[in-house]
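Peer 1: Coordinates for the following, if possible.
(chains A, B, C and D)
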2 protein chains.
Amino acid sequence: MSRILVVEDNPDLAFGLRTALEVEGYQVGVAEDGPKGLTEARRFGPDLIILDLMLPGMDGYRVLRSLRESGSDVPVLILTARSEEADKVLGFTTGADDYVTKPFGLLELLARVKALLRRAGVGSNGTHTAIAQIGEHLEVNLASRTVHRDGTEVSLTPKEFELLQALLKRRGAVASRLELLKEVWDYSAAVMTRTVDMHIAELRRKLEENPSRPRHILTVRKVGYRLET
Amino acid sequence: MSRILVVEDNPDLAFGLRTALEVEGYQVGVAEDGPKGLTEARRFGPDLIILDLMLPGMDGYRVLRSLRESGSDVPVLILTARSEEADKVLGFTTGADDYVTKPFGLLELLARVKALLRRAGVGSNGTHTAIAQIGEHLEVNLASRTVHRDGTEVSLTPKEFELLQALLKRRGAVASRLELLKEVWDYSAAVMTRTVDMHIAELRRKLEENPSRPRHILTVRKVGYRLET
DNA sequence: TTACGGCTTACAGCTTCCTTACAATTCTCG
DNA sequence: CGAGAATTGTAAGGAAGCTGTAAGCCGTAA
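Peer 2: Numbers count the residues shown, from 1 in each chain, chains lettered A, B, ... in the order given. The predicted structure follows:
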């Protein structure tokens, strides 16, 4: 399912949005201020961001601007109490995709979210057209099936790339060995084998700065692995 | 410049919108009822449609629905006096991309139009260039179906040219063997055959400087090929 | 008939995979 | 805290799989 990041400092509103969005089947992340929003946008890799304009510290415009300056193309829906036309125009000019003023109807908001995701070409399973970032150094391009580390291409074998893709799909969450076996190797039974581990080691060797002390492809003992971005 | 179709029966409002949009540099078409809107959508080929919901005869929802049913993916901004949340949700569900209620601010509307065009990936002009460049040395002229390498013509067979065209359509992204078979050979089933590979080899021989070390027509193991420009 | 394009087949060469064995690490329990 | 057990990391080699490419057949058009 698609991933949505809510950047909102009001805990009640944030909770309400998270709940409503989760009921709709989205994976939701929440950040309570601007800088955290920017960090999460990179780490969480959302397909859409709902951004409050009135944030403590760094206001929403600045968040949006630095998001766009960093090359992100993720759809942004601005949520705010300011209903002046000039504010709206400023929001759109800065690179927003929609602008909803409080108080708003939840159903309308959900409908707008869905419309934005539809337009941005995100399928129901979060088919990113874009490039996924992992940490500071790694970029994964799903369309061309290439991976770049600090700008230079790293060549992965087909299995390695599929495994990375499977991890990426679950980024932040654990991928169990069985899940990975099913998805990458389409095993039906839970054959005990070290195949997954071996390919993980290979990925680490190619992608991690220090393969013996991985910072992105982490081990979850007794279960499987987790990709931290 | 982008083309915008306004479907609006109120002449004053239609005129106002047309003027405002033209000032912004858009090419504007106007239709005063639903059926004409549909006709114009096909004839005029707009990059965006501004659609009033309250139209004589055929209402806006029906226009939108039959537009989408006919396979059109053009962004649609609904413009209406109805501000009930249920109406908005219905609008989005039917396939609208934005929903603005009257009375509206002209600047806001223009900003929303611009945001929609941006998101839909419509540049400031059309996207149809007849000549495609591949690297430093190759030029592909789609209109005359010729390929030039360093200025001198390379003769491709019809199949070779179609294959190149299919790769070109996806430049940067992977084209799977099955996709290529479907598109160039219109195969329905996934017959296992080496035909694609053979023609790729032929293309490389004719287009690449060093066919055994291709720089443009790249192999993506287990999947297919990728054209890098 | 000849020339050409298009397709299949065959095989060589290379890449990729998986298994196994052993090392290293982490956990558990006395 | 320490020993043993469980779990994960990793290197290596043979087997399997994939792609590149040459050769040949067939149908069609000149």
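Peer 1: Going by C-alpha atoms from here, please, whenever you check contacts or count neighbours.
Peer 2: Noted.
Peer 1: Just want the most central residue of chain A.
Peer 2: Centroid-nearest residue in chain A: A:Gly45, 1.7 Å away (criterion: Cα atoms, centre = their mean).
Peer 1: How about the contacts made by that one?
Peer 2: By Cα atoms under 8 Å, 6 or more residues apart in numbering or on different chains, the residues touching A:Gly45 are A:Arg3, A:Ala132, A:Gln133.
Peer 1: How about the contacts made by the second one?
Peer 2: A:Ala132 makes contact with A:Gly45, A:Glu139, A:Val140, A:Asn141, A:Leu142 under the criterion Cα under 8 Å, 6+ apart.
Peer 1: try it again with 10 Å
Peer 2: Counting by Cα atoms under 10 Å, 6 or more residues apart in numbering or on different chains, A:Ala132 touches A:42-43, A:45-46, A:138-142, A:147, A:165, A:168, A:229.
Peer 1: Kindly report the same for the first one.
Peer 2: Contact analysis of A:Arg3 by Cα under 10 Å, 6+ apart lists A:21-22, A:25-29, A:44-49, A:125-126.
Peer 1: try the last one
Peer 2: Taking Cα under 10 Å, 6+ apart, we find A:Gln133 in contact with A:Arg42, A:Arg43, A:Phe44, A:Gly45, A:Glu139, A:Val140, A:Asn141, A:Val147, A:His148, A:Leu168, A:Thr229.
Peer 1: The helix or strand bottoming out on mean pLDDT in chain A pairs with which strands?
Peer 2: Taking mean pLDDT, DSSP states H and E as the measure, chain A has strand A:131-134 as its least confident helix or strand, at a mean of 84. Here strand A:131-134 has these sheet partners by DSSP bridges: strand A:138-141 (antiparallel).
Peer 1: in stretch A:184-201, what's buried?
Peer 2: Across stretch A:184-201, burial judged by 16 or more other Cα atoms under 10 Å in any protein chain shown covers A:Val184, A:Val196, A:His199, A:Ile200, A:Ala201.
Peer 1: Could you confirm whether it reaches chain B?
Peer 2: No: Stretch A:184-201 lies apart from chain B when judged by Cα under 10 Å from any Cα of the partner chain; the minimum separation is 13.2 Å.
Peer 1: what's that stretch in contact with?
Peer 2: The contact list for stretch A:184-201 (Cα under 10 Å, 6+ apart) reads A:159-166, A:176-182, A:202-208, A:211-212, A:214, A:217-219, A:224-225.
Peer 1: still on that earlier bit, closest to B:Ser83 out of the contacts of A:Arg3?
Peer 2: Using Cα to Cα, A:Leu21 is the member of those that sits closest to B:Ser83, with 23.0 Å.
Peer 1: got the contact list for that closest one?
Peer 2: Residues near A:Leu21 by Cα under 10 Å, 6+ apart: A:Arg3, A:Ile4, A:Val6, A:Phe15, A:Gln27, A:Val28, A:Leu106, A:Leu109, A:Leu110, A:Val113.
Peer 1: Tell me how far it lies from B:Asn210.
Peer 2: Here A:Leu21 is placed at a distance of 53 Å from B:Asn210 (Cα to Cα, to the nearest Å).
Peer 1: again with A:Asn141
Peer 2: Counting by Cα to Cα, the gap from A:Asn141 to B:Asn210 is 26 Å.
Peer 1: Between the two, tell me which one has more neighbours.
Peer 2: Comparing A:Asn141 with B:Asn210 by other Cα atoms under 10 Å in any protein chain shown, the one with more neighbours is A:Asn141, at 19 against 11.
Peer 1: Tell me, how many residues neighbour the residue of chain A found nearest DNA strand C?
Peer 2: Nearest residue of chain A to DNA strand C: A:Lys159, at 3.3 Å (Cα to the nearest atom of the strand). A:Lys159 is flanked by 14 other residues according to other Cα under 10 Å.
Peer 1: thought it was touching B:Lys222?
Peer 2: Yes: counting by Cα atoms under 10 Å, A:Lys159 does reach B:Lys222; the two are 9.3 Å apart.
Peer 1: which residues does A:Asp97 contact?
Peer 2: Taking Cα under 10 Å, 6+ apart as the contact definition, A:Asp97 lies against A:48-49, A:74-78, A:91, A:116, B:98, B:111-116, B:118-119.
Peer 1: Show the backbone phi and psi for it.
Peer 2: The phi and psi values for A:Asp97, taken as degrees, to the nearest 10, are phi -110, psi -20.
Peer 1: ok, it to A:Leu13 distance?
Peer 2: In this view, A:Asp97 and A:Leu13 are 21 Å apart by Cα to Cα.
Peer 1: which residues sit in contact with the residue of chain A at minimum distance from chain B?
Peer 2: Closest approach between chain A and chain B, counting by Cα to the nearest Cα: A:Ser144, at 4.2 Å. By Cα under 10 Å, 6+ apart, A:Ser144 lies in contact with A:Ile131, B:Arg170, B:Arg171, B:Gly172, B:Ala173, B:Val174, B:Ala175, B:Val220, B:Tyr225, B:Arg226, B:Leu227, B:Glu228.
Peer 1: how about stretch A:50-66: buried residues?
Peer 2: For stretch A:50-66, burial by neighbour count (16+ other Cα under 10 Å) applies to A:Ile50, A:Leu51, A:Asp52, A:Leu53, A:Met54, A:Leu55, A:Asp59, A:Gly60, A:Tyr61, A:Val63, A:Leu64, A:Arg65.
Peer 1: how far does stretch A:155-171 sit from the chain's center?
Peer 2: 16 Å (Cα atoms, centre = their mean, to the nearest Å).
Peer 1: got it, and stretch A:144-155?
Peer 2: On the basis of Cα atoms, centre = their mean, stretch A:144-155 sits 19 Å off its chain's mean C-alpha point.
Peer 1: that's a helix at A:Leu116, yeah?
Peer 2: Yes: counting by DSSP: H, G, I helix; E, B strand; the rest coil, A:Leu116 falls inside a helix.
Peer 1: Now for the contacts of A:Ala132: which two are most distant?
Peer 2: The span of those, defined through Cα to Cα, is set by A:Pro46 and A:Val147 at 19.5 Å.
Peer 1: Show me what from chain A comes close to DNA strand D.
Peer 2: Residues of chain A lying close to DNA strand D (Cα under 7 Å from any atom of the strand) are A:194, A:197-198, A:200-201, A:204-205, A:211-212, A:218-224.
Peer 1: when you check the residues you listed against the strands, which ones overlap?
Peer 2: A:Leu218, A:Thr219, A:Val220, A:Gly224 (DSSP state E).
Peer 1: how about those, which pair is most distant?
Peer 2: Of all pairs drawn from these, the one with the longest distance (Cα to Cα) is A:Leu218 and A:Gly224, at 8.8 Å.
Peer 1: Common neighbours of these two, please.
Peer 2: In contact with both A:Leu218 and A:Gly224: A:Val174, using Cα under 10 Å, 6+ apart.
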